[in-house]
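Enquirer: could you look at this predicted model? Sequence included:
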Amino acid sequence: MIKKLVLVDGNSLIHRAYHGYPGLRTGDGELVNAVFGFSSMLLKVLEQLQPTHVAIAWDVKGKTFRHKMDKEYKAGRAKTDQELIDQIDRTKEVVMSLNIPQFGVTGYEADDIIGTLAQQAFETKNMGEKEVIIVTGDRDALQLVRGKKIKVYMPTRSKKQGNGSQMFDEEAVKIKYGLSPKQLIDLKGLMGDSSDNIKGVMGIGQVTGTKLLEEAGDLDGVYKNLDKLNVSDRVKSLLRKEKETAFVSKALGTIECEMPIDLEWDRCELNDYDRSKVEKLFKELGFKSLLARLPQDKWEKEAEGVFV
């Protein structure tokens, strides 16, 4: 049996949920739109992907190791709505009731946790056939794709958006971007990322950046072969001027895959939870419509094998 590990970017999912299910409250007036949306999306992911193992990663408040490289990293971002922040603990309570392990490490981002766990899963020996699927709305995670063994799944926010979910293996990344997953890191070094305040090389956009990488392979190749590249003198001048910025930008955009955490396969087993606890919490939150979508617990899984 294939071991399928699903790694969920909790922050990415809850932000999408918050904006996709506005205004929902319990009978007592507690705002739970993000909790409901997250729970619904998570159950949809479990139903569609049918994982054997699951883990969820969260950002931890505070600065990360990237701020040591650039104090302006993520500067200028709009503050997260307090109404969303107030629902994070409730959302984690739902995850806890499903007995899904949650990770958050000071000084790192959820992306780094996912990258590290995915890498460890990929490298695990004596486990038979394995597949890792990263669930996120953040395209930065595409750099982690490896063949068909590590994929990225991007779910829709709500029913209104229809079945617009996308699954990216390495071939799908190349078709969409014209580059390999690893080259996407080099592309960020060249063009930057305004959402994270990563500067890149001023004047270099996606089209020019992609052309450079198609010709030179990676950022090192761009600078080693700068005089030979088939681009204008203006572009070459921009690259020379911003060389240090380009490499810092690439470092800022690179997901750390060697964090001090360990993947424990047994802890991540999906069906090892108490259904009654989840049912009690969902009824308290008014999520009765989600009860029928709960995955089998361990007893149901074992009973299914007996009575087939």
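Expert: Good, I have the coordinates.
Enquirer: where does this protein dip in pLDDT?
Expert: 156-163, 298-308 (pLDDT under 70).
Enquirer: which helix in it runs the most residues?
Expert: Criterion DSSP state H: the longest helix present in the chain is helix 33-49.
Enquirer: give me the distance from that one to the chain's centre.
Expert: A distance of 15 Å separates the centroid of the chain from that of helix 33-49, by Cα atoms, centre = their mean, to the nearest Å.
Enquirer: which residues belonging to it are considered buried?
Expert: Buried residues in helix 33-49, counted by 16 or more other Cβ atoms under 10 Å: 33-43, 45-46, 49. Backbone N, C-alpha and C define where each C-beta goes, glycine included.
Enquirer: skipping its backbone neighbours, what lies nearest residue 87 in space?
Expert: Closest residue in space to residue 87, ignoring its immediate chain neighbours: residue 34 at 4.2 Å, by Cβ to Cβ, 6 or more residues apart in numbering.
Enquirer: report the contact partners of the residue lying closest to residue 261 once chain neighbours are set aside.
Expert: Distance criterion Cβ to Cβ, 6+ apart; nearest residue to residue 261, sequence neighbours excluded, is residue 116 at 5.9 Å. Going by Cβ atoms under 8 Å, 6 or more residues apart in numbering, residue 116 touches 256, 257, 258, 259, 261.
Enquirer: is it possible to export those to JSON lines including secondary structure and distance to residue 268?
Expert: Putting the contacts of residue 116 into JSON lines (DSSP: H, G, I helix; E, B strand; the rest coil; distance: Cβ to Cβ, whole Å) gives the following:
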{"residue": "256", "secondary structure": "coil", "distance to residue 268": "20"}
{"residue": "257", "secondary structure": "coil", "distance to residue 268": "18"}
{"residue": "258", "secondary structure": "coil", "distance to residue 268": "19"}
{"residue": "259", "secondary structure": "coil", "distance to residue 268": "16"}
{"residue": "261", "secondary structure": "coil", "distance to residue 268": "12"}
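Enquirer: now the residues you listed: which count as buried?
Expert: By neighbour count, with 16+ other Cβ under 10 Å, the contacts of residue 116 hold 256, 257, 259 as buried.
Enquirer: contacts only, for the last one.
Expert: It refers to residue 259. When contacts are counted by Cβ under 8 Å, 6+ apart, residue 259 touches 105, 108, 112, 113, 115, 116.
Enquirer: then residue 89?
Expert: Taking Cβ under 8 Å, 6+ apart as the definition, residue 89 has no contacts.
Enquirer: hang on, the earlier thing: would you mind measuring from the residue nearest to residue 261 to residue 57?
Expert: From residue 116 across to residue 57, the span is 9 Å (Cβ to Cβ, to the nearest Å).
Enquirer: which phi and psi values does the most centrally placed residue in the chain adopt?
Expert: The centroid of the chain falls nearest to residue 136 when counting by Cα atoms, centre = their mean (3.7 Å). Residue 136 adopts backbone torsions of phi -160, psi 160, taken as degrees, to the nearest 10.
Enquirer: check residue 182 too.
Expert: phi -70, psi -30.
Enquirer: ok, the spatially closest residue to it that is not a sequence neighbour to residue 221 distance?
Expert: Using Cβ to Cβ, 6+ apart and skipping residues adjacent in sequence, the residue nearest residue 182 is residue 143, 6.4 Å away. Computed as Cβ to Cβ, the residue 143 to residue 221 distance reads 17 Å.
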